[in-house]
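Chemist: sequence-free structure coming up:
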């Protein structure tokens, strides 16, 4: 990936015209950290549009532009569509609300109680999926904002429509959208440490994958790791959010969200949970490190494994192959993975998932 063909819009809003009741320490700091990642990956500074509204005493050590509604709308409607490039990153941290039409509104720094100025994320995605934006065939959008229902905020007046102009739809763009909260949920923030929990997780995972930046990582490999870490935070009582990923391309349109116990949806299978738990480890995304794990297993078992260059397909083949040949080898796989990465939360998730998968393989009369 040529960094000269990469652009980014990076927004972090901590302070609002609505006053101290809206203060949100963290998004500006997270935005600067993401800016730093892309600069380290070689993206020219002129192609990184950084828009901040920081809260004192934090003073960013990097040049930035305002994060008011007029400025951000101008960037989205007039400036970015004129740029030439292959990849667009969008990072947005701040307050948000899910309006009555189901659109996520992202409040800008000049939002007030009487005038809740914001960007309609869904209309922005529509604009960037059509001929109004000729470039940026690959887009990766990351949004750390609440999705509380508009009606739950007891607003005196409904949010006014504020859609961005959209052109003619086409099949020239591939969009990945990662949303932190989930429908009707709040996105947790740690004001003392000055970071959003979702942003902190994404920054850590992207740092682990710095070798592939500034190209976007495989979203289907990244999301299981996000899901596992958020699940651990839910179990610890630190958040109630359920992150969501939307994949839209000429070949597919999918929305992937973790199954909730209260949602009435079909629960994930033991195999799916085992696959997700393995892919939560960054090392399992790297084909070289993944091969190192397999190479440490009994070659009499691994010699006939079905392998694939795509991480998720490969992990499915590894698990099914081990289960067919020698189910006890699943625990050899566990030992090999945790020997390379001893993250306690991931270890707990993997142990539970492999235990459930192994139990699902046993039939009456099988020896333990």
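Modeler: Sure, I can see it. Given the structure is predicted, the values throughout are model-derived calculations rather than measurements.
Chemist: CA atoms for contacts and neighbours, from now on please.
Modeler: OK.
Chemist: what domains does the record give for this structure?
Modeler: The record's domain parsing of the chain by automatic domain parsing lists 3-256, 270-361.
Chemist: can you tell me which residues contact the residue lying closest to residue 289 once chain neighbours are set aside?
Modeler: Closest residue to residue 289 apart from its sequence neighbours, by Cα to Cα, 6 or more residues apart in numbering: residue 283 at 5.6 Å. Neighbour list for residue 283: 289, 290, 341 [criterion: Cα atoms under 8 Å, 6 or more residues apart in numbering].
Chemist: Looks like residue 169 contacts residue 133 (just checking).
Modeler: No - if you go by Cα atoms under 8 Å, residue 169 and residue 133 don't touch, sitting 10.2 Å apart.
Chemist: Of the two, which one has the most company?
Modeler: Using other Cα atoms under 10 Å, the more surrounded residue of residue 169 and residue 133 is residue 133, with 23 against 14.
Chemist: name the helices or strands packed onto the lowest-mean-pLDDT helix or strand in the chain?
Modeler: When each helix and strand of the chain is scored by mean pLDDT, DSSP states H and E, strand 252-256 comes last, with a mean of 74. Judged by 3 or more Cα pairs under 8 Å, 6 or more residues apart in numbering; DSSP states H and E, the packing partners of strand 252-256 are strand 244-249.
Chemist: which stretches of the stretch 201-350 of the chain form helices?
Modeler: Assigned helices in the stretch 201-350 of the chain, in chain order: 219-235, 270-279, 287-295, 299-302, 311-325, 329-340, 344-361 (criterion: DSSP state H, counting those that start in this stretch).
Chemist: So which other helices or strands are in contact with the fifth one?
Modeler: With contacts defined as 3+ Cα pairs under 8 Å, 6+ apart, the secondary structure elements packing on helix 311-325 are helix 219-235, helix 270-279, helix 299-302, helix 329-340.
Chemist: now those in TSV, with mean neighbour count and distance to residue 95?
Modeler: Listed next are those as TSV, based on neighbours: other Cα atoms under 10 Å; distance: least, Cα to Cα, whole Å:
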stretch	mean neighbour count	distance to residue 95
helix 219-235	19	19
helix 270-279	23	30
helix 299-302	14	49
helix 329-340	17	37
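Chemist: In CSV, list those along with distance to residue 211.
Modeler: Shown next, in CSV, are these (distance: least, Cα to Cα, whole Å):
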stretch, distance to residue 211
helix 219-235, 14
helix 270-279, 17
helix 299-302, 28
helix 329-340, 18
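Chemist: between the ones you listed, which one is nearest to residue 92?
Modeler: Residue 92 lies closest to helix 219-235 among those, at 16.9 Å (Cα to Cα).
Chemist: Quick one: list the elements packing against that closest one.
Modeler: Applying 3+ Cα pairs under 8 Å, 6+ apart, one finds that helix 219-235 contacts helix 197-208, helix 270-279, helix 311-325, helix 344-361.
Chemist: winner for burial among those?
Modeler: Counting by mean count of other Cα atoms under 10 Å, helix 270-279 has the highest mean neighbour count of those, with a mean of 23.
Chemist: who does it touch, helix- and strand-wise?
Modeler: In terms of contacts (3+ Cα pairs under 8 Å, 6+ apart), helix 270-279 is packed against helix 219-235, helix 311-325, helix 344-361.
Chemist: thinking again about what came up before, most neighbours among the contacts of residue 283, which one is it?
Modeler: Using other Cα under 10 Å as the neighbour criterion, residue 290 leads the contacts of residue 283 with 17 neighbours.
Chemist: residue ranges with poor pLDDT in the chain?
Modeler: 154-156, 256-268, 362-368 (pLDDT under 70).
Chemist: what secondary structure does residue 91 sit in?
Modeler: Under DSSP: H, G, I helix; E, B strand; the rest coil, residue 91 falls in the strand class.
Chemist: wait, what's in contact with it?
Modeler: So residue 91 contacts 8, 9, 10, 11, 31, 34, 141, 142, 143 (Cα under 8 Å, 6+ apart).
Chemist: and if you look at residue 321?
Modeler: By Cα under 8 Å, 6+ apart, the contact list for residue 321 reads 302, 304, 305, 306.
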